[in-house]
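S.K.: Everything below, folded, please.
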Amino acid sequence: MSQTDRQYDLVVWGATGFAGRLVAEYLTEQYTPDDLSLALGGRDADRLGALGTDLVDGSDEWDDLPIVIGDATEPETLREMARETRVVCTTVGPYTKYGTPLVEACIEAETEYCDLTGEVNWTREIVDQYHDAAVDADTRIVHSCGFDSVPADLGTLLAQSFATEEFGAPCTQVRIYVENTSGGVSGGTLASAAELFEAASKDPEVRKVLGNPYSLAPPGEREGVDPGEQRLPRKDPLRSSWTAPSPMAAVNERVIRRSNALLDYPWGRDFRCTEVIPTGRGLRGAATAGLVTGGLGLLTLGLSIGPTRSALKRFVFPDPGEGPSEEQMEKGHFRVRTRGRGVNEDGPFTVDAVIGADWDPGYGGTARMLGESAMCLVEDDTDSPLDGGVLTPASAIGTPLAERLRGVGFTASASVASDD
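M.R.: Numbering: from 1, shown residues only. The predicted structure is shown next:
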């Protein structure tokens, strides 16, 4: 079936989950049936029907939202769904457990795909097993289209594009600063984190993937000059600030390196990237960096030990499908700065790119980032040279995603860096 014969433009898969509902709400608020043929997908017809009724009742534009039923444990239902739509936008995790059959179905049906995964081990499996098939099918499989990893990946692309245009050369290094975030965490996100640690505890190959800074690069190119994540407090080389490790660095840095490789190394093979949390100057900044590092270390240790991990899942983490309150999400905000340093014939230069918004980063912000990524695929609104493959936001979509995000209230800009 050709793309033009499909019944739907877009299916939100996992629409009754916490993140999925937010994406569906966003799309029905932002777009009309004249813009988009939308369906809600999942395995529970009653819950999907109730969600559709809620969304229609709260809208002046939507009179009907069809539902599509399927189950990750029944691959044929996923194939049927994929054949009915041009794009699948999925929030169903942990992707290590539930994601692979849907990727297979989308490639087989030549249906575009985007998700929210931050599970590096699963992304590596999909890269190794399905990239070539997706290229052959001219089908884009786009991972990490939420807070992992749009601000870091797209921010790097904006910084590099600005540097090349303004200074005639790319940045040889970038540092991503998670400057200001406030928001809650859902049970699904924490379940994915626990799943990753459990996989690492059982499988030495997973540990190798997590230990290699270039593990998401194409086969044969999984080594380089970049040492990987910052693990201790450090005085920053590009700013007058102390910094602590970022819990998202293990995902975001690898995604950025994959973008560079997929785009044929426009930033050079010696390009380096690091994501950190700035904690301020002087003794107070150093002490805060130490506290953040220690807290992250304790969480990592707890998730690495089986009994502790089980206790956290049972007694501390919210259940999958649960998340922050509406009030928490409304009060949330985030700002991620990408600072790049390069050299041209006139000497060194420094640029900044900033992506941020006044929404909870993991949910209000992520719903919009994922929703607009899906719309870029629906409308083929990209400036990417790539027609298919297992891709990243920067390599699959590029700067049109930044334009769309600006249009719905995000900051997404690049400039010459100011002193700080």
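
S.K.: For stretch 408-420, buried residues please.
M.R.: Buried residues in stretch 408-420, counted by 16 or more other CB atoms under 10 Å: 410, 412, 414, 417. To be clear about C-beta, it is placed using only N, CA and C from the backbone, and glycine gets the same treatment.

S.K.: Show me which pair in those residues is furthest apart.
M.R.: Distance extremes for these: the farthest pair is 410 and 417 at 20.0 Å, using CB to CB.

S.K.: Dump whichever helix or strand residue 307 is part of to PDB, restricted to CA.
M.R.: Using DSSP states H and E, residue 307 sits in helix 306-311. The C-alpha trace of helix 306-311 is given here as PDB (Å, rounded to 0.1, in the frame of the first residue of the first chain):
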ATOM      1  CA  GLY A 306      19.100  -6.100  42.300                       C
ATOM      2  CA  PRO A 307      17.400  -6.100  45.700                       C
ATOM      3  CA  THR A 308      17.700  -2.300  46.000                       C
ATOM      4  CA  ARG A 309      16.400  -1.800  42.400                       C
ATOM      5  CA  SER A 310      13.400  -4.000  43.200                       C
ATOM      6  CA  ALA A 311      12.700  -2.100  46.400                       C
END
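
S.K.: That one: how far from the chain's middle?
M.R.: Helix 306-311 has its C-alpha centroid displaced from the chain centroid by 27 Å (CA atoms, centre = their mean, to the nearest Å).

S.K.: which helices and strands does that helix pack with?
M.R.: helix 187-202, helix 282-304 (3 or more CB pairs under 8 Å, 6 or more residues apart in numbering; DSSP states H and E).

S.K.: Lowest average confidence across those, which one?
M.R.: Among the helices and strands packed on helix 306-311, helix 187-202 carries the lowest mean pLDDT, a mean of 75.

S.K.: just the angle between that one and helix 282-304, please?
M.R.: Here the directions of helix 187-202 and helix 282-304 differ by 70 degrees (axes from the mean of the first three to the mean of the last three CA atoms, to 10 degrees).

S.K.: What are the contacting residues of helix 187-202?
M.R.: 17-19, 91, 93-97, 117-121, 206-207, 210, 303-304, 306, 309, 312-313, 317-323, 362 (CB atoms under 8 Å, 6 or more residues apart in numbering).

S.K.: Run through the strands of the chain in chain order.
M.R.: 8-13, 38-42, 67-69, 85-90, 112-114, 140-142, 173-182, 234-235, 242-245, 272-280, 333-344, 347-357, 389-391, 411-416 (DSSP state E).

S.K.: Can I get those strands in JSON lines including distance to residue 220?
M.R.: JSON lines is the format used below for those (distance: least, CB to CB, whole Å):
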{"stretch": "strand 8-13", "distance to residue 220": "33"}
{"stretch": "strand 38-42", "distance to residue 220": "37"}
{"stretch": "strand 67-69", "distance to residue 220": "39"}
{"stretch": "strand 85-90", "distance to residue 220": "30"}
{"stretch": "strand 112-114", "distance to residue 220": "25"}
{"stretch": "strand 140-142", "distance to residue 220": "20"}
{"stretch": "strand 173-182", "distance to residue 220": "24"}
{"stretch": "strand 234-235", "distance to residue 220": "32"}
{"stretch": "strand 242-245", "distance to residue 220": "29"}
{"stretch": "strand 272-280", "distance to residue 220": "20"}
{"stretch": "strand 333-344", "distance to residue 220": "27"}
{"stretch": "strand 347-357", "distance to residue 220": "30"}
{"stretch": "strand 389-391", "distance to residue 220": "16"}
{"stretch": "strand 411-416", "distance to residue 220": "32"}
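
S.K.: Throw those strands into TSV and include mean pLDDT, thanks.
M.R.: Listed next are the strands of the chain as TSV, based on pLDDT from 0 to 100:
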stretch	mean pLDDT
strand 8-13	98
strand 38-42	98
strand 67-69	97
strand 85-90	98
strand 112-114	98
strand 140-142	98
strand 173-182	93
strand 234-235	96
strand 242-245	96
strand 272-280	97
strand 333-344	96
strand 347-357	97
strand 389-391	98
strand 411-416	97
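
S.K.: out of those, which comes closest to residue 399?
M.R.: strand 411-416 (9.1 Å).

S.K.: What strands flank the closest one, and is each parallel or antiparallel?
M.R.: strand 347-357 (antiparallel) (DSSP bridges).

S.K.: and the partner strand, which residues are buried?
M.R.: For strand 347-357, by 16+ other CB under 10 Å, it's 349-357.

S.K.: will you turn these into CSV that also has distance to residue 247?
M.R.: Putting these into CSV (distance: CB to CB, whole Å) gives the following:
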residue, distance to residue 247
349, 30
350, 26
351, 26
352, 23
353, 21
354, 20
355, 18
356, 18
357, 20
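
S.K.: So which of those residues is the closest to residue 370?
M.R.: residue 357 (13.3 Å).

S.K.: what bridges to the closest one?
M.R.: Assigned bridge partners for residue 357, using DSSP bridges, are residue 334.

S.K.: Name all residues that make contact with it.
M.R.: 333-334, 364-365, 368, 405, 409-411 are the contacts of residue 357 under CB under 8 Å, 6+ apart.

S.K.: Okay, the residue nearest the centre of the chain and residue 91: tell me how far apart.
M.R.: Central residue of the chain (CA atoms, centre = their mean): residue 144, 2.7 Å from the mean position. Noted for residue 144: a distance of 13 Å to residue 91, by CB to CB, to the nearest Å.
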